[in-house]
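Participant: Predicted model and sequence follow; I will ask about them next.
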Amino acid sequence: MKEQWFPSCIILALLVKGFFSASQGTLFDESDKVIVYNEKTYKEGLYNGETAHIFLLYSSWCGHCQRFAPLYKELAKDIENWSDLVLVTGVDCVRDTSTCQKYKVRGYPTIRFIGPTTNASAEGVTYEGSRTVDKMKAWILESLSAVHNPPASWPNLKPLSEEEVEGFLSGDSTEKHIIALVADELLGREVVIELHPLLSVRYALTTSSMAQTLKAESPSIVLVTGGSISTAKEIPFDWTGRVIAEFLKRRFGYDNSEEGRVDQDNHEGDEDFRTVNTALQYKLYEVDMQSAINNALYTEIGLKANFTAHELSDLKSFLRVALRCGSWELDYKKQLSQIESEVSNLTALNTESWQDILARASDTGFPRNSTFIGCKGSRATTRGYSCSLWVLFHSMLSSCYSPSISSSSSSVDVLRAIHGYVASFFTCTHCRAHFLAMSERMGLLSISDNKAAVLALWQAHNQVNARLSKERHDPYFPKVQFPPSSECRECAAEGGGVFDTDEVFSFLLRHYRRVLTPYGKIRYVRGEEGVARQREEVARRASAINTEQLQEQTRDIFEGDLTNFYFFSVFLCLTISLVLLLLFLSKRKLRLCNGTLRAIFNV
C-alpha cells in the first residue's frame with residue numbers, strides 16, 4: 001500500500017509547488033525605482049538610518065497587488081528626487097512570510113510609513129487613503145513633516161513662524177533666504193523637498209504677516225538678504241511644487257541633467273573652473289536672453305556719459321525690436337516695455353537720465369543680475385554674455401520673420417537694430433571692429449529681404465566662429481560651424497562641408513522659436529509658422545497621450561486576463577489531479593471492502 005501512495009503524493013507535491021512557484025513572479029525589477037528587501041536585508045535597510053521609507057507589503061500572486069504595482073512604480077519615479085529624505089521600498093510576502101508576519105499584515109497590498117532613526121520593533125504607520133499618486137504624495141509629505149526630531153541633514157519642512165517673519169521684516173536677520181509664499185503647507189513642503197539639497201528654501205503661508213505686508217499672491221518668491229526684502233515675484237504658472245522648484249532652479253542656474261555634465265571634482269586645484277553641462281549649449285533658455293538684455297542695458301549702454309542723436313536712435317531701435325521680437329514672460333515684458341516707452345519719447349539722453357530710467361524699472365522688479373544656463377561657460381570669463389547676445393540676436397530675427405516686409409517689426413528691422421547696437425554700444429572694441437568690417441563686406445545694411453536677413457546673421461556668426469576657432473577659448477565648448485549634424489542632419493548637403501541654406505533657414509526658424517521658459521516649459525514664439533507649429537505640437541502630444549493611455553489600458557487588460565487564465569489553468573489541472581487521486585483511492589477502498597465482505601460470508 002505504501003508503494004501505491006508514493007507516486008500520488010509526489011504528483012500532488014509537484015503540482016502544488018508548481019502552482020506557488022508560478023505565482024511568485026516578481027512585480028518589480030532593477031529598472032524600477034522601488035527597492036525590494038528580503039528577510040535578510042530589510043532590517044539594515046529600514047531602520048536606524050537618516051532616511052524614511054514607504055514600505056509596501058505585497059504578495060506577488062495577489063491580483064490586487066499586480067494591478068497596484070504600476071501605480072507604485074509611478075509614485076517611486078515621481079518622488080525619485082526626494083531620495084535624501086524618503087525611499088520607496090517593498091517586500092514580497094510570498095517569498096518572505098516571516099517578515100510580513102512581524103508587521104501583522106491582514107491584507108495585501110499594505111503600505112506603511114517608517115520614519116528615520118526608527119528601531120526595529122516599529123511597525124510604521126499604515127496608509128488608509130485613496131490609491132492615487134497625488135493622494136499618496138500628500139500623505140508622504142504629511143508624514144515627513146510629522147517626524148519627531150528629524151535628522152540634521154533634513155531641510156526644515158515647517159512654515160516660517162510669525163516670530164521668524166517678524167525678524168525678517170524688522171531687518172534683524174542676517175541670513176540669506178529664499179522664501180516661497182504659498183497658500184498651503186503641502187505645496188510649501190513639496191517646494192522645499194524638490195530643491196533639497198541644491199537650494200535652501202523656506203516657505204511662508206499667504207496668511208502670514210510677510211505676505212500681507214508685501215500684498216503677495218500665491219505662489220510668489222521673496223529674497224531676503226541681510227534684512228533687505230525684495231518685492232514678491234509672482235509665478236504665473238501651474239501651482240505645483242515641482243514647477244515652482246524648477247522655476248527657482250533655473251533662476252539660480254541649477255540644472256539636474258547628468259548628460260554632458262562636467263564637475264568640479266575633475267578639476268582639483270583649478271579654482272576658476274565651474275561645473276557645466278555641455279548638453280545644454282544648443283538649448284534656448286529665456287533666462288540667457290534676459291541676461292543678455294540686462295548686461296546690455298546696465299553694463300554696455302550704462303557706460304555712456306552722453307548719447308548722440310545717432311546713439312539715441314540706435315537705442316530706441318534696439319529696445320523696440322527687443323520688446324516686440326523677444327520671447328519674454330509677462331512680467332519681464334511689462335518691465336522692458338516701461339523702459340522702451342520712456343526712451344521712445346526722449347529727444348536727448350545722458351547717463352543720469354538713463355540710470356533714473358533703469359532705477360524706476362528696477363523698482364517694479366526688472367532684474368539686474370545675470371544667470372546663464374545654456375550659455376554658462378566652464379569659467380566666468382568664457383561664453384556668458386557674448387553667447388547670450390548671439391542667442392538673443394538669432395531669436396529676435398527668427399521670431400519676427402515674416403514673408404512680408406510690411407509687418408511692424410521685420411527681420412530686416414532686427415538686423416539693422418543689431419548693427420546699430422554693436423556700432424554704438426558694444427564695448428569690446430576689437431570685436432566691434434571685426435563685426436562692422438564683416439558687415440561692410442557682406443552688405444548687411446543693404447539687405448531688404450527677411451529670409452536673407454535671418455541667413456545673413458547665421459553666416460556672419462559662422463565666420464566669427466571660424467576665426468575664433470584658431471584662438472584659445474573654452475575647451476568644453478569649441479567654436480564649430482552651426483548647426484552641427486547632431487542638431488540638423490539635413491542642413492549639410494550631399495558630400496558634407498557645404499550647407500543647404502533652405503534647410504538651414506527652416507532649422508533656424510524652428511530652433512530659435514522654441515524657447516525654454518524659467519518654468520521648464522517650451523514656448524513657441526511669434527510668426528504664423530510658429531503658431532501653426534505650436535498647434536500641431538499640442539495636437540500631436542494630445543494624440544500621443546491618448547494613444548499611450550489606450551495602449552497601456554489594453555496591455556493591462558490583456559496581461560491581467562493572461563495572468564488570470566494562467567492561474568485558472570494551473571488551478572484546474574490541480575483540481576482534476578486531486579479528483580483522479582480521490583477516485584483512485586475510492587476504487588481501492590471499494591475493492592478492499594468487497595474482499596472483506598466475501599471473507600466474512602464465506603466463513
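Facilitator: Great, that's in hand.
Participant: how about stretch 136-143: buried residues?
Facilitator: Neighbour counts over stretch 136-143 (16 or more other CB atoms under 10 Å) mark 136-141, 143 as buried. Quick note: C-beta positions are derived from backbone N, CA and C, even for glycine.
Participant: if we look at it, which residues are touching it?
Facilitator: Residues from elsewhere that reach stretch 136-143 (CB atoms under 8 Å, 6 or more residues apart in numbering): 52, 54, 75, 78-79, 82, 86, 111, 113, 115, 125, 127, 129, 157, 186, 189-190, 193.
Participant: try it again with 10 Å
Facilitator: Contact with stretch 136-143 is made by 52, 54, 71-72, 74-75, 78-79, 82, 85-86, 88, 111, 113-115, 124-125, 127-130, 132, 157, 185-190, 192-193, 241, as judged by CB atoms under 10 Å, 6 or more residues apart in numbering.
Participant: on that earlier part again, filter the buried residues of stretch 136-143 down to just the ones in helices.
Facilitator: Among these, the ones falling in helices (DSSP state H) are 136-141, 143.
Participant: quick one: which of those residues is nearest to residue 515?
Facilitator: Nearest to residue 515 among those, counting by CB to CB, is residue 137 at 30.0 Å.
Participant: For that closest one, give me the pLDDT.
Facilitator: On the pLDDT scale, residue 137 is placed at 94.
Participant: What of residue 14?
Facilitator: 39.
Participant: could the ones in helices among the buried residues of stretch 136-143 go into JSON lines alongside distance to residue 459?
Facilitator: Below are these laid out as JSON lines (distance: CB to CB, whole Å):
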{"residue": "136", "distance to residue 459": "55"}
{"residue": "137", "distance to residue 459": "51"}
{"residue": "138", "distance to residue 459": "55"}
{"residue": "139", "distance to residue 459": "58"}
{"residue": "140", "distance to residue 459": "55"}
{"residue": "141", "distance to residue 459": "54"}
{"residue": "143", "distance to residue 459": "59"}
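Participant: Contact partners for residue 421?
Facilitator: Taking CB under 10 Å, 6+ apart as the criterion, residue 421 is in contact with 296, 300-301, 314-315, 317-319, 321-322, 389, 393.
Participant: residues of stretch 290-302 that come out buried?
Facilitator: Buried residues in stretch 290-302, defined by neighbour count with 16+ other CB under 10 Å: 290-298, 300-301.
Participant: and what of stretch 103-110?
Facilitator: 103, 105, 108-110.
Participant: of the buried residues of stretch 136-143, closest to residue 281?
Facilitator: Ranked by distance to residue 281 (CB to CB), the buried residues of stretch 136-143 are led by residue 137 at 34.2 Å.
Participant: distance of that closest one from residue 79?
Facilitator: 7 Å (CB to CB, to the nearest Å).
Participant: Mutual contacts of these two, please.
Facilitator: By CB under 10 Å, 6+ apart, the residues touching both residue 137 and residue 79 are residue 190.
Participant: what's near enough to touch the closest residue to residue 153 other than its chain neighbours?
Facilitator: Once flanking residues are discounted, residue 153 sits nearest to residue 50: 5.7 Å by CB to CB, 6 or more residues apart in numbering. Neighbouring residues of residue 50 by CB under 10 Å, 6+ apart: 84-85, 116-117, 150-154.
Participant: and residue 50, how far is that from residue 582?
Facilitator: 58 Å.
Participant: Look up which helix or strand residue 353 falls in, please.
Facilitator: helix 351-363 (DSSP states H and E).
Participant: same thing with residue 417?
Facilitator: Assigned by DSSP H and E, residue 417 falls in helix 411-425.
Participant: In that helix, which residues are buried?
Facilitator: Across helix 411-425, burial judged by 16+ other CB under 10 Å covers 411-422, 424-425.
Participant: what do you get for stretch 198-209?
Facilitator: Neighbour count says stretch 198-209 has 199, 201-206, 208 buried, by 16+ other CB under 10 Å.
Participant: and if you look at stretch 355-372?
Facilitator: By 16+ other CB under 10 Å, the buried positions in stretch 355-372 come out as 357-358, 361, 366-367, 370-372.
Participant: so which of those would you say is closest to residue 163?
Facilitator: Nearest to residue 163 among those, counting by CB to CB, is residue 367 at 30.8 Å.
Participant: In contact with residue 84, which residues?
Facilitator: Residue 84 is in contact with 50-51, 151, 153-155, 193, 196-197, counting by CB under 10 Å, 6+ apart.
Participant: For the nearest residue to residue 150 once chain neighbours are set aside, give me its contacts.
Facilitator: Closest residue to residue 150 apart from its sequence neighbours, by CB to CB, 6+ apart: residue 116 at 7.0 Å. Residue 116 makes contact with 47-53, 85-86, 144, 147, 149-151, 153-154 under the criterion CB under 10 Å, 6+ apart.
Participant: Could you rerun that using 7 Å?
Facilitator: Shown in contact with residue 116 (CB atoms under 7 Å, 6 or more residues apart in numbering): 49-52, 147, 150-151.
Participant: which among those residues end up buried?
Facilitator: Neighbour counting with 16+ other CB under 10 Å marks 51-52, 147, 150 as buried within the contacts of residue 116.
Participant: List the residues that contact residue 401.
Facilitator: 411, 450, 454, 509, 527.
Participant: Okay, now the unreliable bits of the stretch 51-200 of the chain?
Facilitator: Within the stretch 51-200 of the chain, the stretches with pLDDT under 70 are 120, 168-177.
Participant: Show me the helices in it, by range?
Facilitator: Applying DSSP state H, counting those that start in this stretch to the stretch 51-200 of the chain gives helices spanning 63-78, 97-102, 133-145, 162-170, 185-195.
Participant: before we move on, the earlier item: could I get the buried residues of stretch 355-372 as CSV with pLDDT and distance to residue 62?
Facilitator: As requested, those are arranged in CSV below (pLDDT from 0 to 100; distance: CB to CB, whole Å):
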residue, pLDDT, distance to residue 62
357, 94, 69
358, 92, 66
361, 89, 63
366, 85, 59
367, 82, 55
370, 76, 56
371, 79, 50
372, 84, 52
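Participant: Using TSV, lay out those together with distance to residue 214.
Facilitator: Shown next, in TSV, are these (distance: CB to CB, whole Å):
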residue	distance to residue 214
357	25
358	23
361	19
366	17
367	17
370	25
371	23
372	29
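Participant: Report the two of those separated the most.
Facilitator: Taking CB to CB, no two of the buried residues of stretch 355-372 sit farther apart than 357 and 372, at 25.1 Å.
Participant: returning to what we had before: contact partners of the helix or strand just after the helix holding residue 417?
Facilitator: Using DSSP H and E, the next helix or strand after helix 411-425 towards the C-terminus is helix 429-442. With CB under 7 Å, 6+ apart as the test, helix 429-442 has contacts from 419, 422-423, 426, 445, 456, 460, 463.
Participant: Return the distance of the following helix or strand past helix 429-442 from the chain's centre.
Facilitator: Following helix 429-442 in sequence order, the next helix or strand is helix 450-468 (DSSP H and E). Mean-position distance between helix 450-468 and its chain equals 33 Å (CA atoms, centre = their mean, to the nearest Å).
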